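Visitor: here is the input, now give the coordinates:
(chains A, B, C and D)
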2 protein chains.
Amino acid sequence: MRQTILIFSVIAVSLLILLNLRKLSLLSTDGDDEIWTVSFATVFMFIGVLLSRYLFLRRTEGKSVAMPDPEAQLKRLGITQREHEVLRLVAEGYSNQEISNALFISESTVKTHVSNVLVKLDARRRTQAVQKAKELKIL
Amino acid sequence: MRQTILIFSVIAVSLLILLNLRKLSLLSTDGDDEIWTVSFATVFMFIGVLLSRYLFLRRTEGKSVAMPDPEAQLKRLGITQREHEVLRLVAEGYSNQEISNALFISESTVKTHVSNVLVKLDARRRTQAVQKAKELKIL
DNA sequence: GCTGATTCGGTACTAAAGTATGAGGTTAAT
DNA sequence: ATTAACCTCATACTTTAGTACCGAATCAGC
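Guide: Numbering: from 1, shown residues only, chains lettered A, B, ... in the order given. Next up, the predicted model:
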């Protein structure tokens, strides 16, 4: 959150600075106009690149630094034994139906478990849950 | 390569257009100056974001190629560059919709690619495809 | 005995994923 | 110039996945 504020602050400040610089430039010489325009574009393109990268990394990396203890991770996330078991099978590429057959429970139950795991891992798809789980070393 | 040319063309054209627009604006009224400046910044920031995203996708694609012998595997399986790219994003946990946004193509196209990958990897679900792909070291 | 956590399961629904098929456009090789 | 391989996109459809909400059985610990 601090970083977000910082980024927007940088953008705002850059805007103000360039705004004023260009005004001064216009007061002195009109010949530098295009140079300013190009610099302007470059700077903001650069900011755009940084912004995009920040957003993307934030989305893909998430929390990479954590304790490498799987047990503690599971406990911290509140993921139960059964949910972990289901998650493992999800990661293997099995469908809910197949998982229900493998564990001798109904598909409804599997769905419940998967859904709970998604919430606990803050994922919206099973593929994402698998990805996050592997990052957290719990798979 | 086509995309690279296209991107730089877009940048160049945008520059020229905005350059001329601002000139006209300056000739008529000085009050709109700041509005133009802001629009200008916005547009180039947007271009920066697009550029960054493009670069990011290219970079990670190259990284995956550096592993053991994925090229031969991909060729053997008949998986194309684009399909591989989509598969990579699938493995990251993105939805078809998100992938379509990331690659600037429609969701239909993503579905087509995914479907083709499933056939080529002999998988019936995307999670299974990811699993098999990792076993084959192509992810 | 009561409580909380876990597990199991159901219904009813919405959202994604996947299939099948056709078609147009680009590019590289023949 | 024609072919072949890719990439793109669309429509229409079926199948899975996922959500929301609920009830009930089990079991450990107080």
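
Visitor: mind listing what's buried in stretch A:98-117?
Guide: A:98-100, A:110, A:113-114, A:116-117 (16 or more other C-beta atoms under 10 Å in any protein chain shown). Just so you know, the C-beta spots here come from the backbone N, C-alpha and C atoms, and that holds for glycine as well.

Visitor: A:Gln81: which of the residues you listed is nearest?
Guide: The closest of the buried residues of stretch A:98-117 to A:Gln81 turns out to be A:His113 (C-beta to C-beta; 10.6 Å).

Visitor: the closest one: what's it in contact with?
Guide: By C-beta atoms under 8 Å, 6 or more residues apart in numbering or on different chains, the residues touching A:His113 are A:82-83, A:86.

Visitor: state the distance from the residue nearest to A:Gly78 when sequence neighbours are not counted to DNA strand C.
Guide: In space, and not counting its chain neighbours, A:Gly78 is closest to A:Lys120: 5.6 Å by C-beta to C-beta, 6 or more residues apart in numbering or on different chains. As for A:Lys120, its distance to DNA strand C is 10 Å (criterion: C-beta to the nearest atom of the strand, to the nearest Å).

Visitor: so A:Lys120 touches A:Thr80, yeah?
Guide: No: judged on C-beta atoms under 8 Å, A:Lys120 makes no contact with A:Thr80 at a distance of 9.3 Å.

Visitor: so between those two, which is more surrounded?
Guide: A side-by-side neighbour count of A:Lys120 and A:Thr80, using other C-beta atoms under 10 Å in any protein chain shown, places A:Lys120 first with 18 against 15.

Visitor: let's see the pLDDT reported for the more buried one.
Guide: In the prediction, the pLDDT value recorded for A:Lys120 is 95.

Visitor: list the contacts for it?
Guide: Contacts of A:Lys120 by C-beta under 8 Å, 6+ apart are A:77-79, A:83.

Visitor: would you mind measuring from it to B:Leu74?
Guide: Note on A:Lys120: its distance to B:Leu74, by C-beta to C-beta, to the nearest Å, is 35 Å.

Visitor: and what of A:Gln97?
Guide: 31 Å.

Visitor: more neighbours: those two, which one.
Guide: B:Leu74 (20 against 11).

Visitor: A:Leu89: neighbour count?
Guide: A:Leu89 has 20 nearby residues by other C-beta under 10 Å.

Visitor: OK, contacts around it?
Guide: Going by C-beta under 8 Å, 6+ apart, A:Leu89 touches A:98-99, A:102-103.

Visitor: which members of those additionally contact DNA strand C?
Guide: Contacts with DNA strand C within the contacts of A:Leu89, counted by C-beta under 7 Å from any atom of the strand: A:Leu103.

Visitor: need the contacts of A:Leu89 in JSON lines with secondary structure, pLDDT and distance to DNA strand D, can you?
Guide: Compiled in JSON lines, those are given as follows (DSSP: H, G, I helix; E, B strand; the rest coil; pLDDT from 0 to 100; distance: C-beta to the nearest atom of the strand, whole Å):
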{"residue": "A:Glu98", "secondary structure": "helix", "pLDDT": "95", "distance to DNA strand D": "8"}
{"residue": "A:Ile99", "secondary structure": "helix", "pLDDT": "95", "distance to DNA strand D": "8"}
{"residue": "A:Ala102", "secondary structure": "helix", "pLDDT": "94", "distance to DNA strand D": "13"}
{"residue": "A:Leu103", "secondary structure": "helix", "pLDDT": "94", "distance to DNA strand D": "14"}
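
Visitor: could you work out the most separated pair of the contacts of A:Leu89?
Guide: A:Glu98 and A:Leu103 (9.8 Å).

Visitor: low-confidence stretches in chain A?
Guide: Within chain A, the stretches falling below the threshold (pLDDT under 70) are A:1-40, A:43-44, A:46-68.
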